[in-house]
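A.B. asks: Following is a predicted model, sequence given first.
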Amino acid sequence: MTLLSRRHFLQSSAALTGSLLAPSLPAFRTAPKPLRLGGPIFLKSDDPEELAREHRRLQYSAAYVPAVNLTDTAKIEAIRKAFAAQNVMIAEVGAWVNMLEQDAEKRNRNLTYVSERLALADAVGALTCVNIGGSYNPRQWDGPDARNLSKEYFDATVENCRKVIDAVKPRKAKFALEMMGWSLPDGPDSYLKFIKAIDRPAFAAHIDIANIINTPGRYYQNTELINETFRKLGRWIVSVHAKDVHGKDVHFAETMPGRGALDYVTYIRNVTALPQETPFLLEHLRTPEEYDEARKFVISKAAEAGVSLA
């Protein structure tokens, strides 16, 4: 073997080894931050201090915003103080309406509502207000439709996101779109296109890996998908949802963490390697018992990943 060919062989081998190892590495090579786990609680109380303490009892250091109106400034301030005192990060304000509603009056009403929710997120100190782009499906606000992958959908969603952000001009809270399997953004590359097109510092990335498991390749190679998503979107990520997914007949079905195929050690390592503290939020379960099971699973996977709780 000549010197040149030997050098080429070694370089090729190193490159191949690196590419094989890459999927197991987190997106950022930094010491992991503690995991800010959160989820819904079932305590029947309107007292912000009681609600904040209940999050801590459940080992949660992140929270969905408690019920409060934008005009109730006293309660908003009480929530801010109570949750900060317990070191519970207010992560998200949801705005789950169709921004692509075909009836113009309803669409404008929906956009007004989303703007109010972003304003609430900013007022209460939440990291983000999140919604989906919407859907052209005439019967289901978040349902599948071929047009949901079109340039028309992309352009309309860019315009809607700009309208919401420009109407509110949030000081700290970000507006983000939830990733979806049947509409845009449906992965890291389409999300990057939105970030570039919307061109607003107040637009950020919201991650839900379970939502974009929509092919067998993504299902069986979800470790690579997780790493790719965090590598490409990392500095924009403000919140992450913790769900899981499993195969069902010829489809994919959502389930709780631990009952599906997602690589949770890699998921948690990526979340806690981000340069910013990022909440990891359970959702879509029905009972306290289900949330207990999911919470305990995530905590066990955090321990396996060498990550402590915040």
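C.D. replies: Nice, thanks for sending it over.

A.B. asks: Which other helices and strands does the helix ranked longest in the chain contact?
C.D. replies: Using DSSP state H to define each element, the chain has its longest helix at helix 104-124. Judged by 3 or more Cβ pairs under 8 Å, 6 or more residues apart in numbering; DSSP states H and E, helix 104-124 is in contact with helix 73-85, strand 89-94, strand 128-131, helix 151-168. To be clear about C-beta, it is placed using only N, CA and C from the backbone, and glycine gets the same treatment.

A.B. asks: could I get these as TSV with mean neighbour count?
C.D. replies: Putting the helices and strands packed on helix 104-124 into TSV (neighbours: other Cβ atoms under 10 Å) gives the following:
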stretch	mean neighbour count
helix 73-85	16
strand 89-94	23
strand 128-131	27
helix 151-168	17
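
A.B. asks: of all those, which lies closest to Arg235?
C.D. replies: Of all the helices and strands packed on helix 104-124, strand 128-131 sits nearest to Arg235, with 14.5 Å by Cβ to Cβ.

A.B. asks: before we move on, back to that, can I get the helices and strands packed on helix 104-124 in TSV including distance to Asp208 and mean pLDDT?
C.D. replies: TSV is the format used below for the helices and strands packed on helix 104-124 (distance: least, Cβ to Cβ, whole Å; pLDDT from 0 to 100):
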stretch	distance to Asp208	mean pLDDT
helix 73-85	23	98
strand 89-94	11	98
strand 128-131	9	98
helix 151-168	17	98
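
A.B. asks: Let me have the ones you listed in JSON lines, extended by distance to Thr223.
C.D. replies: JSON lines is the format used below for the helices and strands packed on helix 104-124 (distance: least, Cβ to Cβ, whole Å):
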{"stretch": "helix 73-85", "distance to Thr223": "34"}
{"stretch": "strand 89-94", "distance to Thr223": "25"}
{"stretch": "strand 128-131", "distance to Thr223": "25"}
{"stretch": "helix 151-168", "distance to Thr223": "29"}
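
A.B. asks: which stretch among these comes nearest Val65?
C.D. replies: When the helices and strands packed on helix 104-124 are compared by Cβ to Cβ, strand 89-94 sits nearest Val65, at 4.7 Å.

A.B. asks: Next, the angle helix 104-124 makes with that closest one.
C.D. replies: Put simply, strand 89-94 runs at 170 degrees to helix 104-124, going by axes from the mean of the first three to the mean of the last three Cα atoms, to 10 degrees.

A.B. asks: Point out where the stretch 1-150 of the chain drops to low pLDDT.
C.D. replies: Applying pLDDT under 70 to the stretch 1-150 of the chain flags residues 1-30.

A.B. asks: ok and the longest helix of the chain relative to helix 151-168, angle-wise?
C.D. replies: 50 degrees.

A.B. asks: A strand includes Phe280, no?
C.D. replies: Yes - checked against DSSP: H, G, I helix; E, B strand; the rest coil, Phe280 lies within a strand.

A.B. asks: so who does it touch?
C.D. replies: Applying Cβ atoms under 8 Å, 6 or more residues apart in numbering, one finds that Phe280 lies in contact with Leu35, Arg36, Leu37, Gly38, Ala62, Val240, His241, Ala242, Ile268, Val271, Val298.

A.B. asks: The third one: how many residues sit nearby?
C.D. replies: Translated: Leu37. With neighbours defined by other Cβ atoms under 10 Å, the count for Leu37 comes to 25.

A.B. asks: Okay, the closest residue to it other than its chain neighbours and Phe194: tell me how far apart.
C.D. replies: Spatial nearest neighbour of Leu37, chain neighbours left out: Phe280 (5.4 Å); criterion: Cβ to Cβ, 6 or more residues apart in numbering. Noted for Phe280: a distance of 22 Å to Phe194, by Cβ to Cβ, to the nearest Å.

A.B. asks: One more: Pro40?
C.D. replies: 28 Å.

A.B. asks: Ile213 contacts Gly181, doesn't it?
C.D. replies: Yes - counting by Cβ atoms under 8 Å, Gly181 is a contact partner of Ile213 at 7.0 Å.

A.B. asks: quick one: common contacting residues for these two?
C.D. replies: Counting by Cβ under 8 Å, 6+ apart, the shared contacts of Ile213 and Gly181 are Phe252.

A.B. asks: who's more crowded, the two?
C.D. replies: Taking neighbours as other Cβ under 10 Å, Ile213 and Gly181 compare with Ile213 leading, 26 against 18.
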